[in-house]
Structure formats: C-alpha cells, structure tokens
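**Q** Provide a 3D model corresponding to the input given below.
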Amino acid sequence: MLVSGALTTELVFAWPGLGRLSFDALSARDYPLVMATAALTASVVVAGNFVADLLHAAIDPRVRRA
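**A** Okay, the predicted model is just below:
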C-alpha cells in the first residue's frame, strides 16, 4: 500500500521517486532492484512502528515498560 500510494502521488505530480522506480523495475524484471525497494520499504515500516511504540509508552502512563 505504501509503494502504491507513492506511485500514485508521483504520477499525479510528476515527481521522481521510489514508487516509480519500483514500478519501472518490475516492468523491466530487475529483480535485485525490486527486492531492494521492498527491503527498504519494510525497514521504514518497522522503524516507524518502533518509534510509534516508544511514543505510546512515553505518553500513556498505563503502558508498562518491561
């Protein structure tokens, strides 16, 4: 969903970016680039979830830290 949203935004505003790069890589069957963009996207999602968990623990006093 993240890459498809990026692709839509990049197509509408004619911006170069990761969504267009991954779409072009899929079209050209450039599998190493497709795997790299998938790994980068997954890393960003994991890092974002980690930051959200830290902020949730800092804001909500009911959350215990183990």
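**Q** quick one, helices of this protein?
**A** Counting by DSSP state H, the chain has helices at residues 2-13, 18-27, 31-59.
**Q** ok and the last one relative to helix 2-13, angle-wise?
**A** Read it as helix 31-59. An angle of 100 degrees separates the directions of helix 31-59 and helix 2-13 when computed by axes from the mean of the first three to the mean of the last three Cα atoms, to 10 degrees.
**Q** so helix 31-59 versus helix 18-27, what angle?
**A** Using the same axes, to 10 degrees, helix 31-59 lies at 150 degrees relative to helix 18-27.
**Q** check what pLDDT residue 49 gets.
**A** At residue 49, the predicted lDDT confidence score is 96.
**Q** just to revisit the earlier point, among the helices of the chain, which is the most enclosed?
**A** Compared across the helices of the chain, helix 18-27 shows the largest average neighbour count, a mean of 16 (mean count of other Cβ atoms under 10 Å). For glycine as for every other residue, the C-beta is placed from the backbone atoms N, C-alpha and C.
**Q** how near is the closest residue to residue 33 other than its chain neighbours to residue 62?
**A** The spatial neighbour of residue 33 that comes closest, neighbours along the chain excluded (Cβ to Cβ, 6 or more residues apart in numbering), is residue 25 at 4.0 Å. The gap separating residue 25 from residue 62 is 45 Å, by Cβ to Cβ, to the nearest Å.
**Q** centre-most residue in the chain?
**A** residue 41 (3.5 Å; Cα atoms, centre = their mean).
**Q** worst average pLDDT in the helices of the chain?
**A** Averaged per stretch, pLDDT over the helices of the chain is lowest on helix 2-13, reaching a mean of 79.
**Q** just checking, what packs against that helix?
**A** Using 3 or more Cβ pairs under 8 Å, 6 or more residues apart in numbering; DSSP states H and E as the contact criterion, the elements in contact with helix 2-13 are helix 18-27, helix 31-59.
**Q** could I get the ones you listed in TSV, plus columns for distance to residue 12?
**A** What follows is those, written out as TSV (distance: least, Cβ to Cβ, whole Å):
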stretch	distance to residue 12
helix 18-27	11
helix 31-59	20
